[in-house]
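[1] Sequence below, structure please.
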Amino acid sequence: MRHAIFDATVMPILLKNVSLRLDEEENRLPFKAAEALGIARDQIQEFRIVRKSLDARKKNRIHFVYSLAVSLPHEEEQKALASQFPDVSPYEENPPPSPRPVSKKSENRPVIVGTGPAGLFAALTFCESGWPPLILERGREIPERIKDVKRFWNEGSLNPESNVQFGEGGAGTFSDGKLYTRLHDPRIVFILQCFCKFGAPEEILYLQRPHIGTDRLRQTIMALRKHLIEQGAEFRFQTKLTEIEISQGILQGVVTNDSDRLPASILLLAVGNGARDTFQMLNRSGLTLEPKPFAIGLRVEHPQKFIDKTQYGPSAGHSRLPPSEYQLSFRSSRGRGVYSFCMCPGGWVIGASSEPGRLVTNGMSLLRRDSPWANSALVVGVGPADFPEKSALAGVDFQKVWEEKAFRLGGGQFKAPAQRLPDFLQGRISKSLGETSFKPGVIPASLDRCLPSFVVEDLREAIPFFNRKVAGFSSEAAVLIGVETRTSSPIRIVRGEDFQSAAVKGIYPCGEGSGYAGGIISSALDGIKAVESILKSRA
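    Residues are numbered from 1 along each chain as shown. Sure thing, here's the model as predicted:
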């Protein structure tokens, strides 16, 4: 679909609620728009899709709903239509703020730790201000990292420094690549435009629930790295932050790989939520860390065709319909939130461990979402009151307990314990599991042995409710795979309104691992805003 570049002198109008049936192609949109506005087709000079969503509430009337930016020959005509129709309004795009040029550079360039979304977009913002940073990444570049992860999935051979958690692109490099967020910020458009510039499909600019897929995300990240290098940034892979040097509450430098010292006066901590050894080091160094809530549970996997049928009814299998999704939530009798998380239609349940002897699962899919399985996390909220220890890293220790139990329950070698969903409800080990997407394999087990009892009880209370929302959700077709513990960071590195550490000047915690975001877009946004705060202080 062509995206028009509008004449800046004529403000387009926004037309909402334009519908297309499944048998109507998108080239019908200008005719539909003209019909809705009561004008001739040739009066529409330019148009662009602003939003596209799928309405599947009535399975016999599934259709797409569009919002369109439309340009007509005369501004007076556009104003008249805007006052005449409730679905028409003036269309204005709010450009994101431009990074201000930095005038007070320190002697040493900024240092960024982590190449996930927060780190990369922080680096991009620095480069656009004329102050290219040094980016440190403990893991390997994407091509080498892919080899390490495939070896882990196929053979159970874990590389603790190059895995699903650590390496170029962060954990999102092996994910569904979801790009939607509930945040409203003009910088989000800029983030999506950057993804498109470096290889993402244009549809992410207007889909209601955009995703990029792990395959396209990897290409985009490598293209962004190339651009940053051309702008003067430097990347150092297999370079782990092992110490920070502080004097009188002010950052002086960092030490990498236990021996290499780098002077630094600005350090952006954009580490992932699995960087437990880094959290320990920061805690020892005097930064203020505190435990925060997150969620733990299991991955549930169904055949994708089964989910399509439950969500789309007789339209399931239509060529224009994407693999279907679901989103479920429940409040248990004990007051805890139980919900589906990170649903991956047409994807795989993957091993996401980063440490020996600890098992972690996650979900992943490609851009086309064309695997025969659908999966989602089913998780229960937990918080500091649930952690036996009362320390800054209590949430980390809580995660470790259940990851170790899951590893042992799976028999070692990173095979995952699994159970058919009806058997989980009845508290019995499954006699057989059938085929699942998980590599290096699954072992029949009682999953209540690798989760807190209150999590098991709340899941068993919620699942019958989920079954009423998605018919057959708890059927024999569903397999539960354990455990999911890395839904978000278990810690928060306390910072002030200026994004600076509350304990050490010169350190700026940002992104998901630092406890301030939850996903690709919100992490990228947090990285941008952290740098903007730095640049503002040096204008």
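
[2] Okay, buried residues for the helix or strand bottoming out on mean pLDDT in the chain please.
    Averaged element by element with mean pLDDT, DSSP states H and E, the chain has its least confident helix or strand at helix 75-84 (a mean of 77). Residues of helix 75-84 classed as buried: Gln78, Leu81, Ala82 (neighbour count, 16 or more other CB atoms under 10 Å). (Each C-beta comes from the backbone N, C-alpha and C, glycine too.)

[3] what's the spacing between the second one and Lys16?
    According to CB to CB, to the nearest Å, Leu81 stands 13 Å off from Lys16.

[4] pLDDT weak spots in the stretch 201-350 of the chain?
    When residues are selected by pLDDT under 70, none of them lie in the stretch 201-350 of the chain.

[5] And the helices in it, which stretches?
    In the stretch 201-350 of the chain, the helices defined using DSSP state H, counting those that start in this stretch lie at 213-230, 276-285, 304-312.

[6] For these, could you give me JSON lines that also reports distance to Leu367 and mean neighbour count?
    Output for the helices of the stretch 201-350 of the chain, formatted as JSON lines (distance: least, CB to CB, whole Å; neighbours: other CB atoms under 10 Å):
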{"stretch": "helix 213-230", "distance to Leu367": "3", "mean neighbour count": "19"}
{"stretch": "helix 276-285", "distance to Leu367": "31", "mean neighbour count": "18"}
{"stretch": "helix 304-312", "distance to Leu367": "15", "mean neighbour count": "20"}
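
[7] Export those to a markdown table and append columns for distance to Gly412.
    A markdown table is the format used below for the helices of the stretch 201-350 of the chain (distance: least, CB to CB, whole Å):
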| stretch | distance to Gly412 |
| --- | --- |
| helix 213-230 | 27 |
| helix 276-285 | 21 |
| helix 304-312 | 31 |
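
[8] Any idea which of those gets closest to Ile204?
    helix 213-230 (9.5 Å; CB to CB).

[9] Show residues contacting the closest one.
    115, 120, 123-124, 127, 132, 135, 141-142, 146, 168-169, 172-177, 194-195, 198-201, 212, 235, 364-369 (CB atoms under 8 Å, 6 or more residues apart in numbering).

[10] what's the least confident helix or strand of the chain packed up against?
    The elements that helix 75-84 packs onto, with contact taken as 3 or more CB pairs under 8 Å, 6 or more residues apart in numbering; DSSP states H and E, are strand 13-21, strand 88-90.

[11] one more time with 6 Å
    strand 88-90 (3 or more CB pairs under 6 Å, 6 or more residues apart in numbering; DSSP states H and E).

[12] Quick check: can you name the pairing partners of the strand it packs on and their directions?
    Pairing partners of strand 88-90, with direction, according to DSSP bridges: strand 13-21 (antiparallel).

[13] Now do stretch 427-440: distance to the chain's middle.
    Centroid separation for stretch 427-440 versus its chain: 27 Å, with CA atoms, centre = their mean, to the nearest Å.

[14] Return the set of buried residues in that stretch.
    Buried residues in stretch 427-440, counted by 16+ other CB under 10 Å: Ser430, Leu433, Thr436, Ser437, Phe438, Lys439, Pro440.

[15] What is the three-state secondary structure of the fifth one?
    Taken by DSSP: H, G, I helix; E, B strand; the rest coil, the conformation at Phe438 corresponds to coil.

[16] Now do the contacts for it.
    Residues near Phe438 by CB atoms under 6 Å, 6 or more residues apart in numbering: Val349, Ala416, Ile481.

[17] bridging residues for the first one?
    If I follow you right, that is Val349. Here Val349 sits in beta bridges with Gly363, going by DSSP bridges.

[18] do the same with the second one
    The residues paired with Ala416 through beta bridges, assigned by DSSP bridges, are Val442.

[19] how close does it sit to Ala171?
    Going from Ala416 to Ala171 by CB to CB gives 18 Å.

[20] More neighbours: which of these two?
    Ala416 (32 against 23; other CB atoms under 10 Å).

[21] okay, the buried residues of helix 75-84 in a markdown table with distance to Ser533 next?
    As requested, these are exported to a markdown table (distance: CB to CB, whole Å):
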| residue | distance to Ser533 |
| --- | --- |
| Gln78 | 39 |
| Leu81 | 42 |
| Ala82 | 38 |
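
[22] Just the closest of those to Val455, please.
    Val455 lies nearest to Ala82 out of those, by CB to CB, at 51.8 Å.

[23] tell me the contacts of the closest one?
    Shown in contact with Ala82 (CB under 6 Å, 6+ apart): Ile13, Val88, Ser89, Pro90.

[24] Now it. Nearest residue, chain neighbours left out?
    Once flanking residues are discounted, Ala82 sits nearest to Val88: 4.9 Å by CB to CB, 6 or more residues apart in numbering.

[25] wait, isn't Ser129 in contact with Val102?
    Yes: using CB atoms under 6 Å, Ser129 is in contact with Val102, at 4.8 Å.
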